[in-house]
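Colleague: model the structure of this input:
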Amino acid sequence: MTGRLMEGPSPELVRSAYRLELLAAPALMPELALADLGNTLLLIENGYIPAEPGRRLVGAILDLRGAVLRSLQPYGGGIGPTSGVCDPACGDLVMNREAWLRRKIGQDAGYLLVGRPRREASVVAYHLAVRRRLLALAVGLERLQRALVDLAAKHVTTLSVDYTYWQAAQPSSLAHALLAYVYPLARDAERLQSAWRRTNLSPAGAGCTNGATILLDRELLARQLGFEGVVVHTRDANWQADLSVELTALAASVGLTLDRLAEDLLTWDTREFGFVELADRTSRISLAMPQKKNPYALVFVRGAAARLVGRLAGAAAVAKTATGQPDPRIYAQDEVPDSLELAEQGTALLSEVMSGIIFDRARLAAAAARGYLASNDLAEEIMLLGVMPFGTAHKVVAQAVRVALEAGNEIDGIDAAALDAAAIEVAGEPAGLDDAAIREALDPELAVARRTGIGGAAPAAVRAMIADRRRDLRRQQRWIDARTTAIAQAEEALLARARTIAGAVTAGRTRGTAAVTAANPQQAET
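Modeller: Predicted coordinates:
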């Protein structure tokens with residue numbers, strides 16, 4: 001019996017809803033310790049919790065934090081029914097924490113939720129959890145961009161092919177191709193920093209939906225938890241659903257950018273293309289076919305992107321509800337941190353892929369030289385002579401290309417005679433270009449060199465983009481360093497205060513061990 005309920009939860013409620021809520025344990029349990037410590041310390045300092053019970057509570061919260069962190073170590077078993085930390089029969093994470101603390105220190109655990117509903121504790125922990133994962137994702141995005149920019153710097157003059165509809169379209173440089181993935185990743189980094197400003201606000205101290213009666217300095221509490229401000233409206237602080245949609249959308253956006261890179265590399269890695277080969281450390285063998293080397297890392301990234309798209313649809317669907325409903329909060333507490341972590345894993349894995357990838361420069365150059373990929377340049381050259389409009393010149397070159405390909409010649413089947421024949425057939429007059437002008441127009445390396453405008457594939461334009469990206473990466477790194485330092489300092493200061501308060505527990509226990517043990521044997525545990 002709890003409160004007005006005369007019976008405990010049914011087995012089916014435990015097996016379904018309560019178990020679902022505990023899926024958020026790996027993300028929220030470490031952060032709940034910080035949320036609880038921040039609130040408890042301020043309550044003690046303001047006289048709302050008596051000193052001795054407060055000190056015992058702080059010491060127990062630190063002990064619980066240690067148990068949680070140990071359970072999250074590799075091969076530690078995780079936070080589950082067998083870990084001694086969480087049990088679905090106890091309810092959600094906050095109820096599990098209180099149950100653990102009651103076993104540890106008895107009735108003093110009842111001070112855990114002074115002045116706040118359990119919802120507030122979990123929402124604060126949620127902000128801390130997604131903040132931490134946003135920072136990890138920012139690191140992953142910066143590293144992947146840097147890996148791509150470094151590769152681009154090595155391949156400024158390496159010929160490549162631009163594809164549209166997976167048809168060879170125009171000659172390009174490999175550096176230009178690689179930079180095409182950097183810019184959307186940089187926009188994702190900008191979106192992340194914008195989302196950070198809304199995430200790194202504190203719901204702590206908001207109380208129930210219309211505010212708290214036990215008043216704490218919300219701005220001070222926010223600073224002590226490393227937040228940059230508070231979520232002002234108390235109802236909004238408890239129930240905001242749009243942030244989860246925004247964060248999941250960010251993860252999905254990152255995932256889709258990663259997917260495009262992975263999809264392109266998967267195609268380039270086929271024997272039919274043969275442009276790249278992944279390092280063995282990011283590949284996997286086939287157990288059935290000995291000749292195969294599977295680019296497994298790329299497959300994982302594609303699957304992660306698909307999962308993130310589904311998560312985005314789910315986040316939006318769950319958020320579609322009346323205000324003050326727990327639906328968005330319950331599902332978001334697990335899925336949003338997990339989505340951000342999955343996006344970060346994708347960036348880290350692709351950074352590893354790019355660090356060991358091998359490009360076949362000769363095969364790339366050969367592909368750029370086949371199929372008259374600079375035909376657009378040739379049509380423009382005819383137009384610039386003033387012989388015919390571009391539309392007509394386009395048809396002339398298309399006819400010349402068709403004849404050359406039908407004759408089985410993919411490289412040097414268009415000379416002055418062939419072009420004039422096509423021009424006479426299409427326009428009734430010769431094109432007027434000599435062999436040298438045609439060779440120059442169709443040369444893939446010269447075609448790339450002609451793209452000198454902003455963002456073009458010419459070496460000078462590419463080097464300018466590389467320099468621009470390096471400047472932006474330095475800015476991203478400064479942003480990451482500043483936030484990492486601020487959070488670490490706030491967390492360490494909070495834990496140091498808690499350890500100082502808890503240190504007095506030992507003396508209290510030593511003086512009154514017999515009395516404490518008689519009242520509650522578990523209160524004597526350390």
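Colleague: pLDDT on stretch 245-265, on average?
Modeller: Summarised as a single mean, pLDDT over stretch 245-265 is 97.
Colleague: can I get the CA coordinates of it in PDB?
Modeller: Presented in PDB, the C-alpha positions along stretch 245-265 are these (Å, rounded to 0.1, in the frame of the first residue of the first chain):
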ATOM      1  CA  VAL A 245      11.500  16.400 -31.100                       C
ATOM      2  CA  GLU A 246      14.200  19.000 -31.800                       C
ATOM      3  CA  LEU A 247      17.000  16.800 -30.400                       C
ATOM      4  CA  THR A 248      15.800  13.700 -32.200                       C
ATOM      5  CA  ALA A 249      15.500  15.700 -35.400                       C
ATOM      6  CA  LEU A 250      19.100  16.700 -34.900                       C
ATOM      7  CA  ALA A 251      20.200  13.100 -34.500                       C
ATOM      8  CA  ALA A 252      18.300  12.100 -37.600                       C
ATOM      9  CA  SER A 253      19.800  15.000 -39.600                       C
ATOM     10  CA  VAL A 254      23.300  13.800 -38.600                       C
ATOM     11  CA  GLY A 255      22.300  10.200 -39.400                       C
ATOM     12  CA  LEU A 256      21.100  11.200 -42.900                       C
ATOM     13  CA  THR A 257      24.400  13.000 -43.600                       C
ATOM     14  CA  LEU A 258      26.300  10.000 -42.400                       C
ATOM     15  CA  ASP A 259      24.100   7.700 -44.500                       C
ATOM     16  CA  ARG A 260      24.900   9.600 -47.700                       C
ATOM     17  CA  LEU A 261      28.600   9.300 -47.100                       C
ATOM     18  CA  ALA A 262      28.200   5.600 -46.200                       C
ATOM     19  CA  GLU A 263      26.000   4.900 -49.200                       C
ATOM     20  CA  ASP A 264      28.400   6.500 -51.600                       C
ATOM     21  CA  LEU A 265      31.400   4.700 -50.200                       C
END
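Colleague: how about it: buried residues?
Modeller: 245-259, 261-262, 264-265 (16 or more other CB atoms under 10 Å). Bear in mind the C-beta positions are built from the backbone N, C-alpha and C, glycine included.
Colleague: going by residue numbers, what spans are helices in the stretch 51-200 of the chain?
Modeller: For the stretch 51-200 of the chain, the helices defined by DSSP state H, counting those that start in this stretch cover 51-71, 93-105, 118-154, 174-199.
Colleague: dump the ones you listed to TSV, plus mean neighbour count and mean pLDDT.
Modeller: Output for the helices of the stretch 51-200 of the chain, formatted as TSV (neighbours: other CB atoms under 10 Å; pLDDT from 0 to 100):
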stretch	mean neighbour count	mean pLDDT
helix 51-71	20	94
helix 93-105	21	91
helix 118-154	23	96
helix 174-199	20	98
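Colleague: Throw these into CSV and include distance to Asp236, thanks.
Modeller: Shown next, in CSV, are the helices of the stretch 51-200 of the chain (distance: least, CB to CB, whole Å):
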stretch, distance to Asp236
helix 51-71, 27
helix 93-105, 20
helix 118-154, 11
helix 174-199, 11
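Colleague: out of the ones you listed, flag the one nearest Phe227.
Modeller: For the helices of the stretch 51-200 of the chain, distance to Phe227 was read as CB to CB. The smallest value, 7.5 Å, belongs to helix 118-154.
Colleague: related to what we said a few turns ago, just the ones in helices from the buried residues of stretch 245-265, please.
Modeller: 245-259, 261-262, 264-265 (DSSP state H).
Colleague: tell me how far Gly106 lies from Ala51.
Modeller: 17 Å (CB to CB, to the nearest Å).
Colleague: ditto for Ile285
Modeller: For Ile285, the distance to Ala51 equals 63 Å [CB to CB].
Colleague: helix or strand for Arg438, which one?
Modeller: No Arg there; residue 438 is Ile. Taking DSSP states H and E as the definition, Ile438 sits inside helix 435-442.
Colleague: list the buried residues for that helix?
Modeller: Buried residues in helix 435-442, counted by 16+ other CB under 10 Å: Ala437, Ile438, Glu440, Ala441, Leu442.
Colleague: quickly check those residues for the two that are furthest apart.
Modeller: Ala437 and Leu442, at 9.7 Å, using CB to CB across the buried residues of helix 435-442.
Colleague: Thr234: neighbouring residues, count only.
Modeller: Using other CB atoms under 10 Å, Thr234 has 20 neighbouring residues.
Colleague: ok, it - contacts?
Modeller: The contact partners of Thr234, by CB atoms under 8 Å, 6 or more residues apart in numbering, come to Ala206, Gly207, Cys208, Thr209, Asn210, Gly211, Ala212.
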